[in-house]
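In: I'll drop the sequence and a predicted model, then ask my questions.
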Amino acid sequence: MSATQRFRIAAIPADGVGREVVAAGRKVLDALAAGSGAFALDWQEFGWGCEYYARTGRMMAEDGLTVLKDFDAIYFGAVGWPGVPDHISLWGLRLAICQNFDLWANVRPVRFLPGVRSPLRKADHTELDWVVVRENSEGEYAGLGGRNLSGRGPGHEVAVQSALFTEVGCERIMRFAFDLARTRIRRKVSSVTKSNAQQYGMVLWDEVFRRVARDYPDVETESVLVDAMSATFVLHPEDLSVVVASNLHADILSDLGSALAGSLGLAASANLNPEGRFPSMFEPVHGSAPDIAGLGLANPIGAVGSAALMLDHLGLPGQATRLHAGIEATTAAGILTRDLGGTASTEDVTKALIDALRG
Ligand SMILES: NC(=O)c1ccc[n+]([C@@H]2O[C@H](COP(=O)([O-])OP(=O)(O)OC[C@H]3O[C@@H](n4cnc5c(N)ncnc54)[C@H](O)[C@@H]3O)[C@@H](O)[C@H]2O)c1
């Protein structure tokens, strides 16, 4: 059977377990493509990251963004390695792509999988399924501030880190969240705020939320302080459907969500430029995990779940569903990596995923 659709994908494994899970994800995607005959992926891999930095003083090639611009999507691993300050590695590669390609919507589903024990007792008998929508272009990660008073001498330095909230930035992520809620069984958007303490940016966030909500009368809404929302994730997650939050709040809450689902290694994410002006980027939520890197222990499911989000984005929802079914068959069969209490290696899980797709 000949492939009907071809896509150019840039793979950036970067550092640590990012390399292991991207390699696994590529194998699974290629097996899915070969089995389906419906699509094919033309991969180009870029060796950017902390090793590249050690050699060149840059986290990515100088013309990296120009090169990436023409791909259909970017499949990313994780960035960060001891010896390179995390703010250098993050801003030099992952955030450089997100900010310059205006990947303003970060979608992070919290999925509970069969065969995976959640630390939540409730998960044994309650259907839990929600998605964190993270504002990905401004907020607390706008990179505004400075540390230029070091002339005052040791112990007297001052640092300023400002959060940026624009009406356009708030409105677009909120509309995205409401549109997503309309595709789900429970049409509800929970806005995460901290407007009691942060009286400028977060008050604007709340006002825009109320204004946008008026255009979606069919969608239930609530506005919840971030501290209370962290408790809701643990105590009443069945009340959640779409949770929209600022860059920092959603970053933290989505790690909590993935831990509740069983492991950080399971969590998938999509960094989207919904207008399609730039390629979107798909990556597991976890970092480079230097503690287990190179040992073949990394859970590849977060990366494979991110590949499913990529297929959806490329207009292949049926293939994304097949990939999810493969993930569920693998975890239900008890083929689990160490982070989930199992003994399987990255390779074992990858093979099981491929077998499940063939089965
Ligand atoms: N998106 C990204 O690229 C990203 C995100 C977070 C952290 N980081 C970077 O990663 C480095 C390490 O950060 P960290 O330790 O705070 O977070 P981390 O996500 O790398 O690891 C946290 C814990 O989760 C475990 N873990 C992570 N991924 C796993 C997987 N696939 N399978 C099994 N276990 C997994 C690790 O072993 C570790 O115990 C830092 O340099 C940090 O800046 C990068």
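Out: Yep, it's here. Numbering: from 1, shown residues only.

In: for the protein, which residues are neighbours of the ligand?
Out: Residues of the chain lying close to the ligand by C-beta under 6 Å from any ligand atom are 17, 21, 78-80, 86, 90, 94, 264-265, 283, 286-292, 298-299, 302, 337, 339. For the C-beta atoms, the positions are set from N, CA and C on the backbone; glycine is no exception.

In: just the buried ones among the residues you listed, please.
Out: Neighbour counting over the residues of the chain next to the ligand (16 or more other C-beta atoms under 10 Å) leaves 17, 21, 78-80, 90, 94, 264-265, 283, 286-289, 292, 298-299, 302, 337, 339 as the buried ones.

In: now, those residues that are in helices?
Out: If you go by DSSP state H, these have 17, 21, 302 in helices.

In: quick one on the thing from earlier: filter the buried ones among the residues of the chain next to the ligand down to the ones in strands?
Out: 78, 283 (DSSP state E).

In: looking only at pLDDT, what's the mean for stretch 292-303?
Out: Averaged across stretch 292-303, the pLDDT comes to 98.

In: same check on stretch 328-346?
Out: 97.

In: render the CA-only coordinates of it in PDB, please.
Out: What follows is stretch 328-346, C-alpha atoms only, in PDB (Å, rounded to 0.1, in the frame of the first residue of the first chain):
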ATOM      1  CA  GLU A 328      -3.800   1.300  26.900                       C
ATOM      2  CA  ALA A 329      -3.200  -2.300  25.700                       C
ATOM      3  CA  THR A 330       0.400  -2.100  26.900                       C
ATOM      4  CA  THR A 331      -0.300  -0.700  30.400                       C
ATOM      5  CA  ALA A 332      -3.300  -3.000  30.800                       C
ATOM      6  CA  ALA A 333      -1.000  -6.000  30.100                       C
ATOM      7  CA  GLY A 334       1.200  -4.900  33.000                       C
ATOM      8  CA  ILE A 335       4.200  -3.900  30.800                       C
ATOM      9  CA  LEU A 336       5.300  -1.100  33.000                       C
ATOM     10  CA  THR A 337       8.600   0.800  33.600                       C
ATOM     11  CA  ARG A 338      10.100   1.200  37.100                       C
ATOM     12  CA  ASP A 339       8.500   4.600  37.700                       C
ATOM     13  CA  LEU A 340       5.100   2.700  37.600                       C
ATOM     14  CA  GLY A 341       6.300  -0.100  39.800                       C
ATOM     15  CA  GLY A 342       7.100  -2.500  37.000                       C
ATOM     16  CA  THR A 343      10.400  -4.000  35.700                       C
ATOM     17  CA  ALA A 344      10.100  -3.300  32.000                       C
ATOM     18  CA  SER A 345      12.800  -1.300  30.200                       C
ATOM     19  CA  THR A 346      12.200   1.500  27.700                       C
END
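
In: in it, what's buried?
Out: 328-331, 335-340, 342, 344-346.

In: any weak-confidence spans in the chain?
Out: Applying pLDDT under 70 to the chain flags residues 1-3.

In: so what's N247 closest to, chain neighbours aside?
Out: Of all residues not flanking N247 in the chain, G139 sits nearest, at 3.7 Å (C-beta to C-beta, 6 or more residues apart in numbering).

In: tell me which residues touch T232, please.
Out: Residues near T232 by C-beta atoms under 8 Å, 6 or more residues apart in numbering: 190, 224, 239-240.

In: in terms of helix, strand or coil, where does V116 fall?
Out: coil (DSSP: H, G, I helix; E, B strand; the rest coil).
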